[in-house]
Structures are given as structure tokens and as C-alpha cells.
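J.: Everything below, folded, please.
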Amino acid sequence: QLQLVESGGGLVQPGGSLRLSCAASGFTLNFYAIGWFRQAPGKEREGVSCISSTDGSTYYADSVKGRFTISRDNPKNTVYLQMNSLRPEDTAVYYCAAGPIPGLGVLPYDYWGQGTQVTVSS
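T.: Numbers count the residues shown, from 1 in each chain. Okay, the predicted model is just below:
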């Protein structure tokens, strides 16, 4: 069974950091582009970052550039999203997804995790 599982979410104060993990089972992540998305209550799901499967190119939404970093650990079959300098507006459920090509839109992605909650609040 192909499955993606996110972890690492939680409650953090503004200015704090979290590292989200996206672990795969049933398939090998390094053959796929991986995207991180988030969805806040009442808002559409938005792309945060993605990483290609070919040359490791990374892409970020303007709202997180300079604060978030996406990376792969192929031996662990895991992709990470390091989030620094967190803001209240980063509060959302964060999802990872796997697909054939990288992008910050939802359409290229075939497999999705269940999400992990990130709350930034004092």
C-alpha cells in the first residue's frame, strides 16, 4: 500500500521553528517530486515548497522564502520541511504529496498524506 505520513507538527511560539517530516511506505520517494502544501481554516490549499526528483531543484512560495527549507534524505525515504521564524499566519494543516513533476499547484500530485497541524501562537 502506497502511503505518505507527515509528522512533526505542533504548537510553537512566533519566531520559533519546527521540522516536518514526510515518510513514505510502499514506494521510493526519490523517484518522485515532493511538495509541501498547507491549508488554513476557510482557505484553499496552497503550495509551500517542492523539490524535484531529478536534479534536486527546490521551489518556494514567496510567503516562506528565506524561512522554510525543503530537503530529502533518500536512505530514510523521507522529505523534510524545516520551518524557521514562524508566524501566526503559518498556522495550518500541512500536507506532503508525491507526483511526477514539481510544482506549487495541487494538480501534478498523485499521492497525499493525511496532514499534520502546525499552530503558531503565543
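J.: beta partners for the residue positioned nearest the centre of the chain?
T.: Against the mean C-alpha coordinate of the chain, by Cα atoms, centre = their mean, the closest residue is W36 at 2.6 Å. Going by DSSP bridges, W36 is paired in beta bridges with S49, C96.
J.: Below-threshold pLDDT in the protein: ranges please.
T.: Applying pLDDT under 70 to the chain flags no residue at all.
J.: returning to that earlier point: how far away is the residue nearest to the centre of the chain from G66?
T.: Separation of W36 from G66 (Cβ to Cβ, to the nearest Å): 16 Å. C-beta: built from backbone N, CA, C; applies to glycine.
J.: C96 is in contact with C22, isn't it?
T.: Yes: the pair formed by C96 and C22 meets the contact definition of Cβ atoms under 8 Å, at 3.4 Å.
J.: Now do the shared contacts for these two.
T.: Residues touching both C96 and C22 (Cβ atoms under 8 Å, 6 or more residues apart in numbering) are 4, 6, 34, 36, 79, 81, 113.
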